[in-house]
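# Coordinates only, no sequence provided:
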DNA sequence: GTCTATACAGTGATAGAC
DNA sequence: GTCTATCACTGTATAGAC
């Protein structure tokens, strides 16, 4: 667990199977691998990475305990596989939305559209199934972990798209120093992750009036807030 | 672990000893209780709540393993005790700074001063010792946990001061709907927690130029960003 | 009251039989 | 490939020494 080299599975076949039958995968997850991934995603998001045991996962997926070690090497390996499965589509959708916005605006998109392209996929694409934003919550949890493994996983998954967005924001705010853009990007990450985590804190504070799980509403509140923050003049007036 | 009733210790004496000798506590933490708390704070912050075992804590504190269960009931009980020790001073300092700002401004303090009074104690008062913001990181971790226990701990520690600050912000922005204030308060919490977590992500993205561990700089960037967000008009123009 | 030794049911991981 | 059996380790509980 200490050093952060990514786990190598014993079954090293190149997964990402070319989807030989999409329909079958929908009805009842065929392979043991997929059932494990699905069960782990639900349970991890609900009880946290260390709140749920491999035995519970194997039971929910209806596979043998050792089978999960066989397919994923370790509990951490299972986490990595989950990210490999879910993170890439999010990063791709971000870039797609950004490209779209840039084309619409001839290379100079509105700041709001850039921020929306960054945040929206993260909030909406957390496991549509079961209605629960399972992956998003898991990801938010990982984002606050200091463990080297977590950093590595997030880094390989999102570094490229993050850099691209920092550049796009800097381009939309040419007067803002680069360092200021980076700080504000950091604050945006915080607001986004905390919304994804949906810890229930703000519901408790407001008697349920404010619900981060309502993605549409969250975005409508979040984007103007962030955009105004990004546009503000850097130094504190007082 | 499931239900969130706070842990009752076997040694139920009212702690918060009236500091009979401040100097002695500085040199070499006298009681086993304090040594355990100190060791746990450091280790929890460094490796995460479930990344470190009770045996490691007992070794670092130079006490017997069972002694920690005696004083704190359980691992979760240890966490609660840590919060009881560190959270209260932070909440108090927040209210003190807010009172100060209100007095200076005859009841209508600047928004920036309100936000500063809220965020500053959280960033600065995370265990001055060892130079490491140990408690802050731990707190940020807890904030993204969905576990009932975490919510309970944070709730009893910070509900009162949070409500007070939501009111103060709403008072400073009389045109802003209450719900909007609450959403933005939520985003502020996210930015603050992510800064406290100091996950290293933004350092990695920026080659170390941006360091959330630099509290002074973090505040100078954060307050104007948040203030602008709070002041912005609610609905997205487009 | 404080501390200790020891035991127990649970965890993740693994070797090896089928 | 899959499963059984087992390992070292975790948090917790308890009986009893000072």
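Sure thing, it's come through. Everything numeric here is computed off the predicted structure, so don't read it as measured data.

# Helices of chain A, start to end?
Along chain A, counting by DSSP state H, helices occupy A:22-27, A:32-47, A:54-61, A:65-72, A:75-104, A:111-124, A:134-143, A:148-172, A:178-197, A:201-206, A:215-231.

# wait, which of those helices is closest to residue B:76?
helix A:32-47 (14.6 Å; C-beta to C-beta). Any C-beta I mention is one placed from the backbone N, CA and C, and that applies to glycine too.

# is DNA strand C contacted by that closest one?
No: with C-beta under 7 Å from any atom of the strand as the criterion, DNA strand C is not reached by helix A:32-47; the gap is at least 10.0 Å.

# Same question for that helix: list its buried residues.
A:32-45, A:47 (16 or more other C-beta atoms under 10 Å in any protein chain shown).

# ok, now stretch A:138-151?
For stretch A:138-151, the neighbour count (16+ other C-beta under 10 Å) marks A:138-147, A:149-151 as buried.

# and DNA strand C, which of those reach it?
Of the buried residues of stretch A:138-151, not one also sits near DNA strand C (C-beta under 7 Å from any atom of the strand).

# what's the closest of the residues you listed to residue A:225?
Nearest member of these to residue A:225, counting by C-beta to C-beta, is residue A:140, at 18.1 Å.

# Excluding covalently adjacent residues, which one is nearest to that closest one?
residue A:197 (3.7 Å; C-beta to C-beta, 6 or more residues apart in numbering or on different chains).

# now residue A:185
Spatial nearest neighbour of residue A:185, chain neighbours left out: residue A:166 (5.5 Å); criterion: C-beta to C-beta, 6+ apart.

# now do residue A:91
residue A:161 (4.3 Å).

# cool, and residue A:120?
Nearest to residue A:120 is residue A:219, by C-beta to C-beta, 6+ apart, at 6.1 Å.

# Could I get the contacting residues of that neighbour?
A:116, A:119, A:120, A:123 (C-beta atoms under 8 Å, 6 or more residues apart in numbering or on different chains).

# One more: residue A:171?
residue A:108.

# Then residue A:118?
Counting by C-beta under 8 Å, 6+ apart, residue A:118 has contacts A:94, A:98, A:161, A:165, A:188, A:192.

# circling back to that earlier point, adding mean pLDDT as columns, could you present the helices of chain A in TSV?
Shown next, in TSV, are these (pLDDT from 0 to 100):
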stretch	mean pLDDT
helix A:22-27	47
helix A:32-47	93
helix A:54-61	97
helix A:65-72	97
helix A:75-104	95
helix A:111-124	97
helix A:134-143	90
helix A:148-172	94
helix A:178-197	98
helix A:201-206	96
helix A:215-231	97
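
# now those in TSV, with distance to DNA strand D?
Listed next are these as TSV, based on distance: least, C-beta to the nearest atom of the strand, whole Å:
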stretch	distance to DNA strand D
helix A:22-27	16
helix A:32-47	5
helix A:54-61	9
helix A:65-72	3
helix A:75-104	13
helix A:111-124	32
helix A:134-143	18
helix A:148-172	17
helix A:178-197	23
helix A:201-206	24
helix A:215-231	35
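
# Now flag whichever of the contacts of residue A:118 is closest to residue B:108.
residue A:188 (29.8 Å).

# And for the closest one, the neighbour number?
Neighbours of residue A:188 under the rule other C-beta atoms under 10 Å in any protein chain shown: 26.

# Could you measure from it over to residue A:122?
Using C-beta to C-beta, to the nearest Å, residue A:188 is found at 11 Å from residue A:122.

# and what of residue A:56?
Counting by C-beta to C-beta, the gap from residue A:56 to residue A:122 is 27 Å.

# what's the answer for residue A:74, then?
27 Å.

# So for those two, which sits in the more crowded spot?
Between residue A:74 and residue A:122, counting by other C-beta under 10 Å, residue A:122 is the more crowded of the two (25 against 15).

# looking at it, that one is touching residue A:192, isn't it?
Yes: proximity of residue A:122 to residue A:192 meets the contact threshold set by C-beta atoms under 8 Å, at 6.0 Å.

# Show me which residues of chain A sit near DNA strand C.
A:52, A:53, A:54, A:55, A:56, A:65, A:66, A:69, A:73, A:74, A:75, A:76.

# Distance to residue A:105 added to those, as a markdown table?
Output for the residues of chain A next to DNA strand C, formatted as a markdown table (distance: C-beta to C-beta, whole Å):
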| residue | distance to residue A:105 |
| --- | --- |
| A:52 | 45 |
| A:53 | 50 |
| A:54 | 49 |
| A:55 | 53 |
| A:56 | 49 |
| A:65 | 54 |
| A:66 | 54 |
| A:69 | 50 |
| A:73 | 45 |
| A:74 | 46 |
| A:75 | 45 |
| A:76 | 42 |
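
# So of those residues, which two are at opposite extremes in space?
A:56 and A:73 (18.6 Å).

# and these two? which has more neighbours close in?
residue A:73 (19 against 14).

# so what's that one up against?
With contacts defined as C-beta under 8 Å, 6+ apart, residue A:73 is in contact with A:7, A:8, A:9, A:10.

# mind running it again at 10 Å?
By C-beta atoms under 10 Å, 6 or more residues apart in numbering or on different chains, residue A:73 lies in contact with A:6, A:7, A:8, A:9, A:10, A:11, A:12, A:80, A:81.

# Distance check, it against residue A:80.
For residue A:73, the distance to residue A:80 - C-beta to C-beta - is 9 Å.

# and for the two, which residues touch both?
With C-beta under 10 Å, 6+ apart as the test, residue A:73 and residue A:80 both reach A:6, A:7, A:9.

# Among those residues, name the buried ones.
Listed as buried from these are residue A:9; burial here means 16+ other C-beta under 10 Å.
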